[in-house]
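**Q** attaching a predicted model along with its sequence, questions to come.
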Amino acid sequence: MAEKIFEIIEEGTSEVVRKKSRFLGYICNVRSEEEALGMVESKRKEHYQARHTCYAYCISADTAALPNDLLRSSDDGEPAQTAGKQIADVLINRGLTNALCIVTRYFGGVLLGTGGLSAAYRDAALAAIDASVLAERQLGKKCTIVSDYNDYGKIDYLLRQKEIPVTGSDFGANVTISALCPEGVPLESMITDAVSGRARFAEGEDVIYAFADGKLIFL
């Protein structure tokens, strides 16, 4: 299991050819089993002449600290564990969650054997992931920090130094900073120490977020 957890931000596609059989890979973000199965049926209709539509998906609860509460796969008529399991293993080894990967096979008339099939489905899934855009999944809490102007510089420096995402600032009678506190970071005590307890700190709701091309997105 990968230590970091990633989600698909932009879908990816691939094509692998083995002895005239074409393996078309597709990967995307999904949030429910219903959504995943609906996408599988859509691909079946799109490739109605294909021999097999094999897939795997892994989905986590939005508030779960660990990914993949649900992991399902299908060989869709291929020999057992030569297709769906290969795709599922790729998702797990790449640290993905909330992901669906489908590999559609157009049979080329030449048998590949179980080893050849396993390698082809694995390679098509890997290539689809490599063609997609991923973002590392982060768990945290929304928080609000209120300080006077004299302490704002120290707090701003601390947030930048610790790479704490700031989502907004309001400069009124006091400075009010909206930020995201990553899981496991004792931000309140760090701010308290930095300004000798003069700032007010309040935690809000749990959030899951990521950065894609330097932009903050909520998952």
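**A** Looks like it came in fine. Numbers count the residues shown, from 1 in each chain.
**Q** if I look at residue 209, how far off is residue 174?
**A** When Cβ to Cβ, to the nearest Å is applied, the distance between residue 209 and residue 174 equals 26 Å. For every residue, glycine as well, the C-beta is placed using N, CA and C.
**Q** scratch that, residue 208 is what I was asking about
**A** Taken as Cβ to Cβ, the spacing of residue 208 relative to residue 174 amounts to 30 Å.
**Q** so for these two, which sits in the more crowded spot?
**A** Taking other Cβ atoms under 10 Å, residue 208 and residue 174 do not tie; residue 208 has more neighbours (20 against 15).
**Q** residues in contact with the more buried one?
**A** Residues counted as contacts of residue 208 (Cβ atoms under 8 Å, 6 or more residues apart in numbering) are 62, 137-140, 218-219.
**Q** now do 6 Å
**A** The contact partners of residue 208, by Cβ atoms under 6 Å, 6 or more residues apart in numbering, come to 139, 219.
**Q** use 431 as the first number for this chain going forward.
**A** Happy to do that; since the first residue is 431 now, the last one works out to residue 638.
**Q** and it, what helix or strand is that in?
**A** Assessed by DSSP states H and E, residue 638 sits inside strand 630-642.
**Q** and if you look at residue 520?
**A** Since the elements are taken from DSSP H and E, residue 520 ends up inside helix 514-523.
**Q** what are the ranges of the helices in the protein?
**A** Residue ranges of the helices in the chain, as given by DSSP state H, are 463-476, 514-523, 543-560, 579-591, 617-624.
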